[in-house]
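A.B. asks: Predicted model follows, preceded by the sequence.
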Amino acid sequence: MSGPADLLRRHGVQVTAQRLAVLRAVSGNPHGTADEVQELVRDDIGAVSRQAVYDALGILADKGLIRRIQPARSPARYEDRVDDNHHHIVCRSCGCTVDVDCAVGARPCLQAADEHGFIIDEAEVVYWGICPACQRHGHEGHKGHVGEQPQRNKGQTGPTG
Ligand SMILES: [Zn+2]
Ligand SMILES: [Zn+2]
């Protein structure tokens, strides 16, 4: 067993309280948005700026400690399950996200009909549907019913490449 601090060091990330707290928040709340991560980090270590949370998420994602998923029309979500190429099912109504294993074992797990000469190493698949809770409450079309605004990425200092 190695702690999260070791994990950061092994990936060449300088250990800070904020980065550790962000990593904990993502582990404890897979597929959470940056807003949710910020709330958890605040509960954990006290005041933290949104920018600090974004910076930490960016570094952790860059170094492969967490994975960023970005379903269409949804804010980016983060998870610490990075050691496989799993996919996601996203609820059209409330946006909740669950893991689903690859369509077929190894990458890219979906054979393209025409690879156009590319060497394809990944297929990013998002399954859309209606989650059980929303089925019970009656599906109200495509509007979300949680306090989640569509997020503009303009201020985001995400990693490039
Ligand atoms: Zn739902
Ligand atoms: Zn996942």
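C.D. replies: Structure's in. What do you need? Ligands and ions are numbered 1, 2, ... in the order given.
A.B. asks: Could you tell me which residues make contact with residue 82?
C.D. replies: By C-beta atoms under 8 Å, 6 or more residues apart in numbering, the residues touching residue 82 are 64, 65, 66, 67. Using the backbone N, CA and C atoms, a C-beta is placed for each residue, glycine as well.
A.B. asks: hmm, try it at 6 Å
C.D. replies: Listed by C-beta atoms under 6 Å, 6 or more residues apart in numbering, the contact set of residue 82 reads residue 67.
A.B. asks: try residue 19
C.D. replies: Applying C-beta under 6 Å, 6+ apart, the residues contacting residue 19 are residue 56.
A.B. asks: quick one: pLDDT of it?
C.D. replies: As predicted, residue 19 sits at a pLDDT of 96.
A.B. asks: Ok, residue 38 next?
C.D. replies: Per-residue pLDDT puts residue 38 at 97.
A.B. asks: helix/strand/coil for it?
C.D. replies: Of the three states, residue 38 takes helix under DSSP: H, G, I helix; E, B strand; the rest coil.
A.B. asks: Report the spatially nearest residue to it, omitting neighbours in sequence.
C.D. replies: Nearest non-adjacent residue to residue 38, counting by C-beta to C-beta, 6 or more residues apart in numbering: residue 53, 4.5 Å away.
A.B. asks: same thing with residue 12?
C.D. replies: Among residues not flanking residue 12 along the chain, residue 63 sits closest, at 6.4 Å (C-beta to C-beta, 6+ apart).
A.B. asks: is it true that the one you found touches residue 11?
C.D. replies: Yes: using C-beta atoms under 6 Å, residue 63 is in contact with residue 11, at 4.3 Å.
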